[in-house]
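In: Next come a sequence and a model predicted from it.
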Amino acid sequence: MNLKVENLIFAYLVVCVSMIGFNIFCIFRFRRNDRLLTKRSGDYVEIIRSEAEKELVSDEHKRFLMKKLIRVSGLMAFERSLDILRRDNTISLERYLSQLIPVFSQLTLEYCRKNELQAAYFPYLISEYHLLKGEDNKKVKRALFELLKSSSIYSRENALGAFYSIGNSTNVADALRIIDRSGYYHHKKLITDGLMSFQGDKTELNRILWERLSDYSLEMQTAILDYIRFSTGDFLEEMMELFSEKYDREINFCAIRYFGKYRYEPAYEHIIKYVEQENKGLWEYTAIACLAISNYPTERSINALKANLNSPIWYVRYNASQSLENMGLEYVDMIDVFESKDRYAGEMMRYRFDQKKIRETEAVKS
């Protein structure tokens, strides 16, 4: 029995020593690799700086990059050198990179054939440094389209980022449709934020996305409409159509939010209708409209918001109180609320005024 326990302890010690040895080996290996990466990136910095000073990048330099960057280790060193030069800001990095589009186009084709992790890495560089801005190579486009069908969120998101940086509106619209039909979940906030980084003609992109809106799923439609809301106020008349009951309520919500950002008098009756409604089953409409109505500070709006302070739905009360604060109402304007029998309404507004006072005090101190 004692022998078995001793053997078990010995085996445990062997495992522990092996793990410690492995960790020590990894530490030294990673440090060595980092030193090599730092040295290579330093070499690239000098080479790039020398080429960037010329009017035209030499063919010899292009062949050099094609040979070195085909390997991930070379590509990582190149990325680090670009980051150093971008922060240094002593050369025209954009002019230099624009002359290397044929090299990066060929590398895109090569990397998209590699394993999933490596295939996702190169589109990231394309988007980060706008390596293919303005390029319309059909082979590159097809390769990136294939990457959009990947099960990896990194591959899909980086491929989308590459399309945003290239700046072709039609390609972006097509890419979103592929993502939409891929069957893989892609969070709509990633779509909205990504579209905001688009490097081409945003007016054209907005028009194409609006014209193709019905081609997308409901989730993608709301992501696109959120992007349009953040991007432009030029869709006032078009957004009015989305109040129609033929659209899903999520689309209606997008319209309400849009007019909460961009004041448009014809939209007021639609928004105030939701604020004044008494149907508690549609409380989401009321909650969102209570926020949007702050863009229309009329006496009718104020009275409707005060009435919603008595709502049994917390979100409705909270949003109504926020809009009343945004409209600039002071304590004296809310006496009727504080003196009402609904203590929850009074407490909500007291909370608002207390928070406002705290923010003002902190602002003075800073």
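Out: That came through fine. Keep in mind that what you see is a predicted model, and the values were worked out from it rather than measured.
In: Tell me the confidence at residue 277?
Out: For residue 277, the pLDDT comes out at 86.
In: Now do the contacts for it.
Out: 285-286 (C-beta atoms under 8 Å, 6 or more residues apart in numbering). The C-beta positions use only the backbone N, C-alpha and C, and glycine is treated the same way.
In: do residue 291 as well
Out: By C-beta under 8 Å, 6+ apart, the contact list for residue 291 reads 257, 260, 319, 322-323.
In: How about the backbone phi and psi for residue 274?
Out: Backbone dihedrals for residue 274, given as degrees, to the nearest 10, come out at phi -70, psi -30.
In: Just confirm it contacts residue 287, I think it does.
Out: No. Judged on C-beta atoms under 8 Å, residue 274 makes no contact with residue 287 at a distance of 9.1 Å.
In: ok, residue 259 - contacts?
Out: The contact partners of residue 259, by C-beta under 8 Å, 6+ apart, come to 236, 239, 267, 270-271, 292, 295.
In: Next secondary structure after the helix or strand hosting residue 120?
Out: Per DSSP states H and E, residue 120 falls inside helix 116-129. Going down the chain from helix 116-129, the next helix or strand is helix 138-147, by DSSP H and E.
In: In terms of secondary structure, what does the helix or strand that that next one is followed by contact?
Out: Downstream of helix 138-147, the next assigned helix or strand under DSSP H and E is helix 153-166. Counting contacts by 3 or more C-beta pairs under 8 Å, 6 or more residues apart in numbering; DSSP states H and E, helix 153-166 is packed against helix 116-129, helix 138-147, helix 169-181, helix 188-196.
In: which intervals of the stretch 1-150 of the chain have sub-threshold pLDDT?
Out: Residues of the stretch 1-150 of the chain meeting the criterion pLDDT under 70: 1-5, 25-37.
In: residue ranges for the strands of it, please.
Out: For the stretch 1-150 of the chain, no strands are identified by DSSP state E, counting those that start in this stretch.
In: Which positions in stretch 149-157 come out as buried?
Out: Of all the residues in stretch 149-157, those buried under the rule 16 or more other C-beta atoms under 10 Å are 150, 155-157.
In: whoops, I mixed them up, stretch 244-256
Out: Those would be 247, 251-256, for stretch 244-256 by 16+ other C-beta under 10 Å.
In: would you turn the buried residues of stretch 149-157 into JSON lines with distance to residue 9?
Out: Listed next are the buried residues of stretch 149-157 as JSON lines, based on distance: C-beta to C-beta, whole Å:
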{"residue": "150", "distance to residue 9": "48"}
{"residue": "155", "distance to residue 9": "47"}
{"residue": "156", "distance to residue 9": "50"}
{"residue": "157", "distance to residue 9": "49"}
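In: Between those residues, which sits nearest residue 96?
Out: residue 157 (26.9 Å; C-beta to C-beta).
In: And for the residue nearest to that closest one when sequence neighbours are not counted, the neighbour number?
Out: Nearest residue to residue 157 in three dimensions, chain neighbours excluded: residue 190, at 6.0 Å (C-beta to C-beta, 6 or more residues apart in numbering). Neighbours of residue 190 under the rule other C-beta atoms under 10 Å: 16.
In: for residue 144, same thing?
Out: So residue 144, with other C-beta under 10 Å, has 27 neighbours.
In: Quick one, grab the pLDDT at the residue nearest to residue 305 when sequence neighbours are not counted.
Out: What sits nearest to residue 305 in space, not counting adjacent residues and going by C-beta to C-beta, 6+ apart, is residue 320, at 4.5 Å. Predicted confidence (pLDDT) at residue 320: the value is 91.
In: how far does the helix or strand residue 320 falls within sit from the chain's center?
Out: Assigned by DSSP H and E, residue 320 belongs to helix 314-326. In terms of C-alpha atoms, centre = their mean, to the nearest Å, the centre of helix 314-326 is set 27 Å apart from its chain centre.
In: Please flag which of the buried residues of stretch 244-256 sit within helices.
Out: 251-256 (DSSP state H).
In: Could you measure from residue 141 over to residue 166?
Out: Taking C-beta to C-beta, to the nearest Å as the measure, residue 141 falls 9 Å from residue 166.
In: okay, now residue 10: neighbour count?
Out: By the criterion of other C-beta under 10 Å, residue 10 has 10 neighbours.
In: same check, this time on the one 4 residues further on
Out: Neighbouring residues of residue 14 were enumerated by other C-beta under 10 Å; the total is 10.
In: that older thread, residues in contact with the helix holding residue 120?
Out: For helix 116-129, contacts defined as C-beta under 8 Å, 6+ apart pick out 72, 75, 79, 82, 86, 93, 97, 104, 107-108, 111-113, 131-132, 144, 147, 150, 152, 154-155, 158-159, 161-162, 164-166, 197.
In: tell me the angle it makes with helix 153-166.
Out: 30 degrees (axes from the mean of the first three to the mean of the last three C-alpha atoms, to 10 degrees).
In: got the CA positions of helix 116-129 in PDB?
Out: The C-alpha coordinates for helix 116-129 follow below in PDB (Å, rounded to 0.1, in the frame of the first residue of the first chain):
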ATOM      1  CA  GLU A 116      -8.200  29.500 -41.000                       C
ATOM      2  CA  LEU A 117      -6.000  31.500 -38.500                       C
ATOM      3  CA  GLN A 118      -3.600  32.700 -41.200                       C
ATOM      4  CA  ALA A 119      -6.300  33.400 -43.600                       C
ATOM      5  CA  ALA A 120      -8.000  35.700 -41.100                       C
ATOM      6  CA  TYR A 121      -4.700  37.600 -40.400                       C
ATOM      7  CA  PHE A 122      -4.100  39.100 -43.800                       C
ATOM      8  CA  PRO A 123      -7.500  40.800 -44.200                       C
ATOM      9  CA  TYR A 124      -7.000  42.300 -40.800                       C
ATOM     10  CA  LEU A 125      -3.800  44.000 -42.100                       C
ATOM     11  CA  ILE A 126      -5.700  45.100 -45.200                       C
ATOM     12  CA  SER A 127      -8.300  46.900 -43.100                       C
ATOM     13  CA  GLU A 128      -5.800  48.200 -40.500                       C
ATOM     14  CA  TYR A 129      -3.500  49.900 -43.000                       C
END
